[in-house]
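Trainee: Build me a model from this:
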Amino acid sequence: MLASSAVNFVRRMSEIFARTARIGLDAVVPPTCLSCECIVASPGGLCAACWQRMRWIDRPYCAQCGTPFAADTNRGAADAICAACLVERSPIAKVRAALRYDDASRNLVLGFKHADRTHAAPFFGKWLARAGAEALDGADLLVPVPLHWTRLVWRRFNQSALLAHALARESGVPCLPDLLVRARRTPIQGTLGRLQRKRNVRRAFAVRKRLAARAKGARIVLVDDVLTTGATLAECARTLRRAGAAEVRAVALARVVLLADM
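Mentor: As a prediction, this is how the structure comes out:
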């Protein structure tokens, strides 16, 4: 009884200390919006203006690739599939993303990816856990899309790995960041068209031999920052399926949505 009371006392004191430290830190360095960096009420939030501008991805969307349907579509059923998924079978069973990559979210995503705003990762993990709940259901492993080692040295961190670790903390699904490796350095995808992107990443990934047994029979969720055409995620999925993965799904922080996709 005394031991239990002592533990509760220590816990309460720790909580009080943490709140006091947070208040003190906020007084010296006020929390800022993750996107525009104006001062906000609490850490990890968006200001009201940025929140309203973000286009969060909610139903209706394709049950497989997660592409949003137009608001006035009659394809509102939870199992509705888009035309692209009906025409071409994807190696990814299910894809989900938190928000659309557009003018509103670009600063948020690029700030995290290129401007060292890595403190945003834990909050993005919460968004991914919410948006990717269906893809995470029953999953065995989270695997980030890897960077080539030369690009990793230059950038100093893999933004997809930071997202995967944050998502692991939120979802409870273990993260295995080294399962996939980028076997060859490829040109940046941003300047390439859809077909060029597919060719660019073909056979660009490999499963690390010492971890290959972890892939066999596993339901794996790939984690990426931005989904554009899906070529990179698809090639990662093919690599994992060849290694024996039972199923591959994917979640992304943001995705490009073209009018033609809807």
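Trainee: Only C-alpha atoms from now on, for both contacts and neighbour counts.
Mentor: Fine.
Trainee: What sits closest to V207 if chain neighbours are left out?
Mentor: Closest residue to V207 apart from its sequence neighbours, by CA to CA, 6 or more residues apart in numbering: L180 at 4.7 Å.
Trainee: wouldn't the one you found be in contact with V145 here?
Mentor: Yes. Judged on CA atoms under 8 Å, L180 makes contact with V145 at a distance of 7.2 Å.
Trainee: For the two, list the residues in contact with both.
Mentor: Here L180 and V145 share the contacting residues C236, scored by CA atoms under 8 Å, 6 or more residues apart in numbering.
Trainee: where does the stretch 151-262 of the chain dip in pLDDT?
Mentor: 187-196, 200, 259-262 (pLDDT under 70).
Trainee: can you map out the strands along it?
Mentor: Counting by DSSP state E, counting those that start in this stretch, the stretch 151-262 of the chain has strands at residues 180-182, 205-207, 219-227, 247-255.
Trainee: what packs against the third one?
Mentor: The reference is to strand 219-227. Applying 3 or more CA pairs under 8 Å, 6 or more residues apart in numbering; DSSP states H and E, one finds that strand 219-227 makes contact with strand 141-144, helix 159-171, helix 231-242, strand 247-255.
Trainee: thinking again about what came up before, compare the strands of the stretch 151-262 of the chain and give me the one nearest L141.
Mentor: Checking those against L141 by CA to CA gives strand 219-227 as the closest, at 4.9 Å.
Trainee: Contacts for the closest one, please.
Mentor: 101, 109, 135-136, 138-145, 159-161, 163-164, 233, 237, 245-256.
Trainee: same check, this time on stretch 167-184
Mentor: Residues contacting stretch 167-184 (CA under 8 Å, 6+ apart): 122, 124-126, 128-129, 136, 139-149, 161, 164-165, 203-208, 211-212, 215, 236.
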